[in-house]
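>>> Coordinates for the following, if possible.
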Amino acid sequence: MSLAAGTRLGAYEVVSGLGVGGMGEVYRARDTRLNRIVAMKVLPAAFAGDADRLARFTREAQVLASLNHPHIAAIYGVEESDGVRALVMELVEGRDLSELIDAQWKAAARGLELRDVLTIARQIAEALDAAHSQGIVHRDLKPANVKVRDDDTVKVLDFGLAKAVEFAVVRVRAVRDADRPSALRRRDDDRRARGDRARGAGLESTAGRHARARARAAGALPPEGSGTPPA
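Sure, this is the predicted structure:
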């Protein structure tokens with residue numbers, strides 16, 4: 001971690017490092033104005049000229065600012081000091097879902113209890129439903145981006161790869177198709193189906209990862225790297 005404890009970025013003072021992600025470093029920090037502990041995601045100065053990282057950083061700030069939901073980590077603001085950019089966010093204490101699954105396997109050689117899976121899944125679904133209702137798709141949902149607090153409250157994190165979807169396109173297509181002759185509609189449906197299959201092939205690895213994550217949570221597969229077959 002490149003920022004030492006006591007480093008100040010505007011009104012925020014670094015307390016300790018929390019981890020390193022694809023977009024930068026995350027710190028536990030203290031808001032000196034409101035005297036509260038926050039999470040601060042910092043884009044290192046060395047990446048300031050990286051257009052892709054900067055775009056993802058900005059996108060996450062904009063997405064979080066547009067969402068207000070109890071199961072999505074909230075954003076408090078954006079801070080910039082001496083060329084260093086930071087997202088200031090709600091600090092979610094607890095363990096991420098991948099850690100919970102791994103811990104359960106080590107303790108009992110099986111996945112999470114069904115009641116725990118359902119409790120977590122329901123809250124994730126509510127968070128995603130709220131995002132989708134705003135036209136936002138997460139695009140990087142995985143156990144490491146789901147935090148579970150000690151009181152079992154779930155928070156979805158890391159919207160850096162999120163994408164806004166224009167749902168109006170779907171509605172326009174539905175209205176247009178209703179007025180087309182059936183033969184032309186069938187032809188277009190066939191073309192769209194072929195396109196969906198082609199896109200599906202490209203998404204196979206992501207879908208596979210999500211399927212394996214669900215299987216591990218249910219106990220059908222061991223955690224990655226454990227080498228332990230399911231009981």
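
>>> Could you use CA atoms for every contact and neighbour count after this?
OK.

>>> Any stretches of the chain with poor pLDDT?
Per-residue confidence of the chain (counting by pLDDT under 70) places the weak regions at 1, 22-23, 164-231.

>>> domains in it, as residue ranges please.
The chain breaks down into these domains under automatic domain parsing: 8-89, 95-218.

>>> Among those domains, which comes closest to Ser2?
Nearest to Ser2 among the domains of the chain is domain 8-89; the distance by Cα to Cα comes to 8.2 Å.

>>> Span of the closest one from start to end?
One end of domain 8-89 to the other measures 16 Å (Cα to Cα, to the nearest Å).

>>> now the domains of the chain as JSON lines including mean neighbour count?
Formatted as JSON lines, the domains of the chain follow (neighbours: other Cα atoms under 10 Å):
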{"stretch": "domain 8-89", "mean neighbour count": "17"}
{"stretch": "domain 95-218", "mean neighbour count": "15"}
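
>>> just to confirm, which helix or strand has Arg122 in it?
Element membership for Arg122, per DSSP states H and E: helix 114-133.

>>> now what about that helix, what contacts it?
With contact meaning Cα atoms under 8 Å, 6 or more residues apart in numbering, helix 114-133 is reached by 67, 69-72, 137-138, 146, 148, 152-156, 217-218.

>>> one step back: reformat the domains of the chain as JSON lines; add distance to Ser2.
Shown next, in JSON lines, are the domains of the chain (distance: least, Cα to Cα, whole Å):
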{"stretch": "domain 8-89", "distance to Ser2": "8"}
{"stretch": "domain 95-218", "distance to Ser2": "21"}
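
>>> how about the strands of the protein, start to end?
Secondary structure of the chain (DSSP state E): strands at 8-9, 12-20, 25-31, 36-43, 75-81, 84-89, 95-96, 136-137, 146-148, 154-156, 163-164.

>>> orientation of the fifth one relative to strand 84-89 in degrees?
What that stands for is strand 75-81. 160 degrees (axes from the mean of the first three to the mean of the last three Cα atoms, to 10 degrees).

>>> tell me what strand 75-81 is packed against?
Here strand 75-81 touches strand 8-9, helix 51-66, strand 84-89, going by 3 or more Cα pairs under 8 Å, 6 or more residues apart in numbering; DSSP states H and E.

>>> who does that strand pair up with?
Strand 75-81 pairs in its sheet with strand 84-89 (antiparallel), by DSSP bridges.

>>> One more: the first one?
Using DSSP bridges, the strands paired with strand 8-9 are strand 12-20 (antiparallel).

>>> Restrict the strand it pairs with to CA atoms and write it as CSV.
In CSV, the C-alpha atoms belonging to strand 12-20 read as follows (Å, rounded to 0.1, in the frame of the first residue of the first chain):
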residue,chain,number,x,y,z
TYR,A,12,-9.7,12.4,5.1
GLU,A,13,-6.9,10.8,7.1
VAL,A,14,-5.6,7.3,6.2
VAL,A,15,-5.9,4.9,9.1
SER,A,16,-4.8,1.6,7.5
GLY,A,17,-4.8,-0.3,4.2
LEU,A,18,-7.7,-2.6,3.4
GLY,A,19,-6.6,-4.1,0.0
VAL,A,20,-5.7,-3.6,-3.6
